[in-house]
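In: okay, sequence plus prediction incoming.
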Amino acid sequence: MKSRHKRALIIVAALIVIGVAALLILNALNSNIALYVTPSEVAAGQAPKGQAFRIGGLVKQGSLKREGLTVHFVITDLAKDIPVSYTGILPDLFMEGKGAVIQGRLNPDGQFIASEVLAKHDENYMPPEAKHALEQAQKSERKE
Amino acid sequence: MIPEFGHYALILAFCVALIQGVLPLIGAHQGRREWLILARPAAQVVFLLLATSFFILAWSFYANDFSVLYVAEHSNSQLPVVYRFGAVWGGHEGSLLLWIFLLSTWTVLVSQLSKSLDDFMVARVIGVLGLITTGLLLFVLTTSNPFERLFPAAQDGRSLNPLLQDPGLVFHPPMLYMGYVGFSVAFAFAIASLLSGRLDAAWARWSRPWTTAAWIFLTLGIALGSWWAYYELGWGGWWFWDPVENASFIPWLVGTALLHSLAVTEKRGGFKSWTVLLAITAFSLSLLGTFLVRSGVLTSVHAFATDPRRGIFILIFLALVVGSSLLLYAVRAPKNTMGGKFSLSSRETFILLGNVFLVVAAGSVLLGTLYPLLIDALHLGKISVGPPYFNSVFVPIMVPLLVLMGIGPWTSWKNSNLMTVVKRLWLAGLIAIVAAILIPRVMGDFTWLSSMGFLLAFWVIASGFLQIIRQAKTGVPTRSFIGMQIAHLGIAIFVIGVTMVGAYQEEKDVRMSSGETVSVGGYQIQFQGVRDELGPNYRAMRGTFSLMRHGKVEAVLYPEKRNYFSSTMPMTEAAINAGLIRDIYVSLGEQLEDSAWAVRVYYKPFVDWIWGGCLLMALGGLIAITDKRYRVKLRKLVA
């Protein structure tokens, strides 16, 4: 084989690898992205249906209830409240009145079934998504 | 007064680093000897000044000098001495000082160990490193001075985040930074050779051990971080595809590609432009990693305290470094450098293919990491890209790479007969297939994914052993060869660990009252109750669990829930009974009712093989750089 052909072959092989990887990436991005939604948006019915998404906000004071390993609480952006239930062990920093981000799906009753609860690792740290949700809620209140 | 000396030392270091960065480069360009010989002494002075500065900061921590803002924010008088030392790099300012100090350590090592290299090359390499040092020192002095004073001095410090009070954290950042920063040497060599227009085998031979050394540190740093997350964060996982983890893993992937590409450049004089491009990319990605971690644009565990203004500085610095080096590359990179002719079945081809897979893998991780930032910046909404994305993209790219790893080492440079290779490798294939069928049966469930994992791991192991046996017959193999085999074996061990944990771990979150038993992986774990304990700077609830097998107690585990006096956040300390073939992991959740607790019990088969594999990779690298050809005088080659 001529070296020109060889180089062409190597380039083609590399392009195939990159092409297959690009397909994999697009496919994976399509099915594995979780959108951040604020509690107000969930209340307005703007949450994605049949797909996992994330909510950021504050854990409402006095809303935490335990039932064995299942916990019920309310996540709020101070405008709208969303009831959440989660089975499992909560992270150390999960506390009433503090910011949290949760991932999961809505069930038909409008309750959010969390598969993952993320509370960040610093007591004074507010997840930007939770902050964003609060700011959005404040903005729309002012408009009204 | 003492902290001011630290600050002065930093300012002086900046001035000398400017000399180190500018004069030798101009000197080398214009052929002025008296300028270019300044490189070595300037590098040494910068090193001494930074060492002084670093030592003074450490001293301020040791002496509890709370008139220094950084100390007051990251330490307190109750903090044990070891962690006071670790706290030096527990925050932004100190960790940057560490970054720069390590950079000058690498520089001074280059200046000491390059006696046989010609002065022009040394001047250029040290000059480039000096420019990087200058830029980062400017950053520290203008935006993140660790010696800033606090008036009036604080009564006591705020203390270190309890999560960071751990031996793993004392070593994780220095290791990781040694790796990150180490790629600056490969970068400097690449830029220096572009400047001089001398991209030859000697250049590759010089860069190679330095690159390997940086790669070793990066490997160890990432492994330590993963291990720390496993036992300290209380999550029990070993990798989360957290953006900051990715920030260290992307340079690792590119660095690995660089190691292999350098081999071709050294042995065959090929792939020169590609190698240079990889060296530039690896260091740029290290800088990008620093930017991502330190700017606060990423929300992750590592976002302890961040400041976006700093991000802008690093971003500009990054743009300057990447922009100018790519411009230089475009102008000066040699054209047509595939090197000597080689056939499609040569080692060159296999290394090139491996490189493509590594770079594509790095690209896919980079894309997943930056995608949410991009979407946010374009105001298209806020999203997160989770572990499923990375798993479903990264794993399929690694499969062909592992297949190649079993074949590549058997091929010879330039041209080799694939039929002979196949004849020698059929046994390895057979062993791999048997392992892929048998091991899942022994472990319980058969899944295609786990079967695939064992197939690939045993393919690499068997291929390696067959080759070692073959080499041993013809004489003592070189250290390069042994190092390569051990590093590849490390990958296989790592894959076994990942496969075992992925397919056969058991994770149970349960409610347990005193006296109750839960079983995982053939073990019974009995909850004995919880007591109060007092630590040096915390109060703990300490659980007692008996680990039993066949009714016999094998170990007692004490997981804790700690409350540090200086903080209101509780901390989970998991208890782990580690073993060669399994870990039992117990951690306390919350107290539910009187004597009942939420308890997390994990059975993690072969989990320690994951880090064991990383250690083997690092060991392999270490053996490879002690190869005797790096110790011979290179003056002849260079001249």
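Out: Now that the structure is in, tell me what you want to look at. A quick note: this is a predicted structure, and the numbers were derived from the prediction, not measured. Numbering: from 1, shown residues only, chains lettered A, B, ... in the order given.
In: dihedrals phi and psi, B:Gln505?
Out: phi -70, psi 160 (degrees, to the nearest 10).
In: residues in contact with it?
Out: B:Gln505 makes contact with B:602-605, B:607, according to CB atoms under 8 Å, 6 or more residues apart in numbering or on different chains. Heads up, the C-betas are built off the backbone N, CA and C, glycines and all.
In: could you check how far it is from B:Lys604?
Out: For B:Gln505, the distance to B:Lys604 equals 5 Å [CB to CB, to the nearest Å].
In: distance of the residue nearest to B:Arg549 when sequence neighbours are not counted from B:Leu580?
Out: Leaving aside its sequence neighbours, B:Arg549 sits nearest to B:Tyr523 (CB to CB, 6 or more residues apart in numbering or on different chains; 5.3 Å). Using CB to CB, B:Tyr523 is found at 15 Å from B:Leu580.
In: OK, contacts around the most centrally placed residue in chain B?
Out: Nearest to the geometric centre of chain B sits B:Leu218, at 3.1 Å (CA atoms, centre = their mean). Going by CB under 8 Å, 6+ apart, B:Leu218 touches B:176, B:178-180, B:182-183, B:248, B:251-252, B:255.
In: list the residues that contact the residue nearest to B:Arg549.
Out: Counting by CB under 8 Å, 6+ apart, B:Tyr523 touches B:547-549, B:554, B:584, B:603.
In: most neighbours out of those, which is it?
Out: Most neighbours among these, by other CB atoms under 10 Å in any protein chain shown: B:Ile584, with 23 neighbours.
In: is the residue nearest to B:Arg549 bridged to anything, and to what?
Out: On the basis of DSSP bridges, B:Tyr523 is bridged to B:Val520.
In: read off the pLDDT value for it.
Out: You'll see B:Tyr523 listed with a pLDDT of 94.
In: now do the buried residues in the host helix or strand of B:Leu430.
Out: B:Leu430 belongs to helix B:418-443 when assigned by DSSP states H and E. Across helix B:418-443, burial judged by 16 or more other CB atoms under 10 Å in any protein chain shown covers B:425, B:428-429, B:431-432, B:435-436, B:439-440, B:443.
In: going along the chain, name the strands of chain A.
Out: Secondary structure of chain A (DSSP state E): strands at A:33-37, A:53-59, A:65-67, A:70-76, A:81-87, A:99-106, A:112-118.
In: most tightly packed of these?
Out: Most buried of the strands of chain A, by mean neighbour count (mean count of other CB atoms under 10 Å in any protein chain shown): strand A:53-59, with a mean of 25.
In: before we move on, the earlier item: and the two most separated of the contacts of B:Gln505?
Out: Largest separation among those by CB to CB: B:Tyr602 and B:Pro605, giving 10.4 Å.
In: mean confidence (pLDDT) on stretch B:324-334, please.
Out: Averaged across stretch B:324-334, the pLDDT comes to 89.
In: and the residue lying closest to B:Leu466 once chain neighbours are set aside, how far from B:Val434?
Out: The spatially closest residue to B:Leu466, leaving aside those adjacent along the chain, is B:Ala428, at 5.6 Å (CB to CB, 6+ apart). In this view, B:Ala428 and B:Val434 are 11 Å apart by CB to CB.
In: can you check B:Met405 too?
Out: Relative to B:Val434, and taking CB to CB, B:Met405 is found at 19 Å.
In: now the strand or helix carrying B:Gln485, how far from the centre of its chain.
Out: Per DSSP H and E: B:Gln485 is located in helix B:479-504. Distance of helix B:479-504 from its chain centroid, counting by CA atoms, centre = their mean, to the nearest Å, is 17 Å.
In: returning to what we had before: could you look up the SS state of the residue nearest to the centre of chain B?
Out: Following DSSP: H, G, I helix; E, B strand; the rest coil, the label given to B:Leu218 is helix.
In: what does the one 5 residues further on give?
Out: Using three-state DSSP, the secondary structure recorded for B:Ala223 is helix.
In: any idea how many residues pack against the closest residue to it other than its chain neighbours?
Out: Counting by CB to CB, 6+ apart, B:Ala223 lies nearest to B:Cys614, which is 3.6 Å off, once chain neighbours are set aside. When neighbours are counted by other CB under 10 Å, B:Cys614 registers 23.
In: contacts for the helix or strand hosting B:Cys614?
Out: Assigned by DSSP H and E, B:Cys614 falls within helix B:608-625. For helix B:608-625, the surrounding residues in contact (CB under 8 Å, 6+ apart) are B:209, B:212-213, B:215-216, B:219-220, B:222-223, B:226-227, B:238, B:479-480, B:482-498, B:500-501, B:578-580, B:583.
In: buried subset of those, written for ChimeraX?
Out: Buried subset of the contacts of helix B:608-625, written as a ChimeraX selection, criterion 16+ other CB under 10 Å:
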select /B:209,212,213,215,216,219,220,222,223,226,227,238,479,480,482,483,484,485,486,487,488,489,490,491,492,493,494,495,496,497,498,500,501,583
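In: so how far is B:Leu12 from B:Ile26?
Out: Note on B:Ile26: its distance to B:Leu12, by CB to CB, is 22 Å.
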